[in-house]
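Asks: Attaching a predicted model along with its sequence, questions to come.
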Amino acid sequence: MDVASELGAAAGRSLLLCAALLAGGCTLGLCLGRHRGAADRGALAWLCYDALVHFILEGAFVYLALVGNIAESEGLLASLWIEYGKADARWLYFDANLMAVELLTVFLDGSLALFLIYAIVKEKYYRHFIQITLCVCELYGGWMTFFPDWLMGSPNLNTSNWLYFWVYLVFFNGLWVLVPGLLLCQSWTELKKMHHKETHSGKKFQ
């Protein structure tokens, strides 16, 4: 069996949709940050992608789960979650813990991503406060998504297939650990620089 037939049409459509959102987010973010440094351009590209995923993909999940059953829903966005449900079965039916996390993810994290984009572009003083808050929310959301299932022995996770495990579970969820972690490090470094600058500026006038 070749890779294409193993992936299947549903997986192909889902991955193409994710790639399209990534391309759109990166394009928008790079345009917004065209006069800024490489770190901020990268952050803006990620944040635009992040906001698109929260509002479009996860927003669709929340809506479909509240009005019906994901497994029986139709349409492109529903098919994406049905495909992802092959890796984590909780996304196919109403899971209260997952829904509570996703409601916060869509409305809080998505809004924070937009506020942070604005703060970076306009160089607002509260940029790193928003950035730290968003990153902590993202990391906590990932923890609460998976840790309850891990405590029960991961009965809903399918780790027997390379696509479901390495791409759907590890890669896509790992992005929301790696990038928020890097942004937290960036905020730590920038706040340290600001503190160092203010401390030494104060000493000069003493």
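Replies: Thanks, I have the structure now.

Asks: alpha carbons only for contacts and neighbour counts from here, please
Replies: OK.

Asks: In the lowest-mean-pLDDT helix or strand in the chain, which residues are buried?
Replies: The weakest-scoring helix or strand in the chain, judged by mean pLDDT, DSSP states H and E, is helix 3-32 (a mean of 87). Under the neighbour-count criterion of 16 or more other Cα atoms under 10 Å, helix 3-32 has 11, 13-15, 17-18, 21-22, 24-30, 32 buried.

Asks: repeat for stretch 161-177
Replies: In stretch 161-177, counting by 16+ other Cα under 10 Å, buried: 163-166, 168-169, 176-177.

Asks: to the chain's geometric centre, what's the distance from it?
Replies: Offset of stretch 161-177 from its chain centre (Cα atoms, centre = their mean, to the nearest Å): 13 Å.

Asks: what's that stretch in contact with?
Replies: Identification of contacts with stretch 161-177 by Cα atoms under 8 Å, 6 or more residues apart in numbering yields 7, 84, 86-88, 138-139, 142, 158-159.

Asks: can you pull out the helices in the protein?
Replies: With DSSP state H, the ranges of helices along the chain come out as 3-32, 38-52, 59-67, 76-84, 96-104, 110-121, 127-151, 162, 172-204.

Asks: Distance from the least confident helix or strand of the chain to the middle of the chain?
Replies: Chain-centre distance of helix 3-32: 14 Å, with Cα atoms, centre = their mean.

Asks: With stretch 33-43 instead?
Replies: Computed by Cα atoms, centre = their mean, the separation of stretch 33-43 from the middle of its chain amounts to 19 Å.

Asks: again, but for stretch 177-188
Replies: Offset of stretch 177-188 from its chain centre (Cα atoms, centre = their mean): 13 Å.

Asks: got the buried residues for it?
Replies: Buried residues in stretch 177-188, defined by neighbour count with 16+ other Cα under 10 Å: 177, 179-181, 183-184, 186-187.

Asks: Closest to Gly110 out of those?
Replies: Minimum distance to Gly110 across the buried residues of stretch 177-188 is 13.7 Å, recorded for Pro180 (Cα to Cα).

Asks: ok, that closest one to Tyr126 distance?
Replies: To Tyr126, Pro180 is 17 Å away according to Cα to Cα, to the nearest Å.

Asks: follow-up on the earlier one: which two of the buried residues of helix 3-32 have the greatest separation?
Replies: Ala11 and Leu32 (31.5 Å).

Asks: buried sites along stretch 92-103?
Replies: Applying 16+ other Cα under 10 Å to stretch 92-103 flags 92-94, 98-99, 101-103 as buried.

Asks: Could you export the buried residues of stretch 161-177 to TSV, including columns for distance to Leu77 and pLDDT?
Replies: Formatted as TSV, the buried residues of stretch 161-177 follow (distance: Cα to Cα, whole Å; pLDDT from 0 to 100):
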residue	distance to Leu77	pLDDT
Leu163	19	92
Tyr164	18	94
Phe165	21	95
Trp166	21	95
Tyr168	15	96
Leu169	18	96
Trp176	20	97
Val177	24	97
